[in-house]
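Colleague: show me how the following folds:
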Amino acid sequence: MKSSSVRQGGLTLLEVLVVLTLIGMISSVMFQGYAYMLGSYQRLKQRQLVETREALVAGWWRSSLESVVPYFDDELAFTGSPDNLRGASFSPLWGRSGVATEFRWGLAADDVHRRLIYQEPPHAPVVVREWPVSVEAAFEYLSESGQWKQAWVVGEDRQIPQAIRLSLFTRDADDRRLAESLTAVISIRKSQYVPSQVVLFGRD
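Modeller: Below is the predicted model:
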């Protein structure tokens, strides 16, 4: 009677090792892809936060300055220097919209940061944005002749400029380059008269 060899069911040791190796390789690739996607998501989220903050700052900047009031009053008349500007606006950030409200924008720096600061007295100043101290910043004012000026003085100039901009510069060796610019074009009437009812109750 012939004997027949019967193969037992299951995997050999070599087959098990091959399967484990393949599972390990697939898992490694999947984890690397997951880590890459997670890193990409975090970078995208951070970029969105930065762009949202920059858009918000630009909106605040333009909103407060595009409705500057052309006052004669020395206390609220618009004045500006490279580091500070002040006046009254119909579109304050904290106060009631349509009511002329005093505001101030300023630039300040320490050993680490240069900061853009906003204030509506008597409220405390708030830091709106900051950059490395190596970034240079200055306010500039557009005159009727089309020239950008470093200062705006009541009496020497009209009550308000045509536009106001914040310019940011970086230095690479001896090269000074414009890195960013925020410009607000003053859109309200240029009349140097504000009716008392507008001062008290705002515009319709």
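
Colleague: give me the nearest residue to the residue nearest in space to the middle of the chain, chain neighbours excluded.
Modeller: For the chain, Glu54 is the residue whose C-alpha lies nearest the centre (C-alpha atoms, centre = their mean; 2.1 Å). Closest residue in space to Glu54, ignoring its immediate chain neighbours: Arg129 at 7.7 Å, by C-beta to C-beta, 6 or more residues apart in numbering. C-beta here means a position set from N, CA and C on the backbone, and glycine is covered the same way.

Colleague: that neighbour - that's part of a helix, no?
Modeller: No - judged by DSSP: H, G, I helix; E, B strand; the rest coil, Arg129 forms no part of a helix; its state is strand.

Colleague: A helix includes the residue nearest to the centre of the chain, no?
Modeller: Yes - checked against three-state DSSP, Glu54 lies within a helix.

Colleague: Arg165 touches Leu178, doesn't it?
Modeller: No - in this structure, Arg165 is not within contact of Leu178 by C-beta atoms under 8 Å, at 10.6 Å.

Colleague: tell me how many other residues crowd Glu75.
Modeller: Glu75 has 8 neighbouring residues, counting by other C-beta atoms under 10 Å.

Colleague: look at Arg165 and Leu178 and report which has more neighbours.
Modeller: The residue with more neighbours, out of Arg165 and Leu178, is Arg165; 18 against 10, by other C-beta under 10 Å.

Colleague: helices or strands next to whichever strand or helix holds the more buried one in the packing?
Modeller: Applying DSSP states H and E as the criterion places Arg165 in strand 163-172. For strand 163-172, the packing partners by 3 or more C-beta pairs under 8 Å, 6 or more residues apart in numbering; DSSP states H and E come out as strand 136-142, strand 175-185.
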